[in-house]
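Trainee: requesting a structural model of the entry that follows:
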Amino acid sequence: MTSVVVLDQGWRLRGFLGDDWRLHRAQLHAREVGGRWVPARVPGSVLADLLAAGEVPDPRVGRQSMLSEWVPQRTWVYQTTLRTHGPADGERASLEFDGIDHSA
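Mentor: Presented below is the predicted three-dimensional model:
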């Protein structure tokens, strides 16, 4: 039997400087380590999520795009919680991504 769980809701994202995210990776699920988590949409984009959260001005207006130039300089981590009943005895579970950023 195959069951499908669609994970398109309940996402959030947070930016880190450089590889700082690696230092905090173990704590991501336990507690927030500084910074702020922003609600995110998947599929979507970091810039669209930051715009929806009011963290950056609309880059399509005038020269406001310059105020978002810091966004690609960060490492962005997306997080959600997967709740499922594990596989039954003799069954296997797999996680399938229909599309993912090449560097993710």
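Trainee: ok, the most centrally placed residue in the chain - contacts?
Mentor: By CA atoms, centre = their mean, the chain has its centre lying nearest to residue 78, at 1.8 Å. Going by CB atoms under 8 Å, 6 or more residues apart in numbering, residue 78 touches 11, 12, 13, 40, 42. Quick note: C-beta positions are derived from backbone N, CA and C, even for glycine.
Trainee: three-state assignment of it?
Mentor: When classified by DSSP: H, G, I helix; E, B strand; the rest coil, residue 78 comes out as strand.
Trainee: the helices in the protein, which residues?
Mentor: 20-24, 46-52 (DSSP state H).
Trainee: pLDDT weak spots in this structure?
Mentor: 1-5, 19-35, 100-104 (pLDDT under 70).
Trainee: the same query, at a cut-off of 50, please.
Mentor: For the chain, the stretches flagged by pLDDT under 50 are 26, 28-34.
Trainee: residues in contact with the closest residue to residue 76 other than its chain neighbours?
Mentor: In this structure, residue 76 finds its nearest non-sequential neighbour in residue 46, 4.8 Å apart by CB to CB, 6 or more residues apart in numbering. Counting by CB under 8 Å, 6+ apart, residue 46 makes contact with 13, 15, 40, 71, 76.
Trainee: now do the first one against residue 50, distance only.
Mentor: It stands for residue 13. 8 Å (CB to CB, to the nearest Å).
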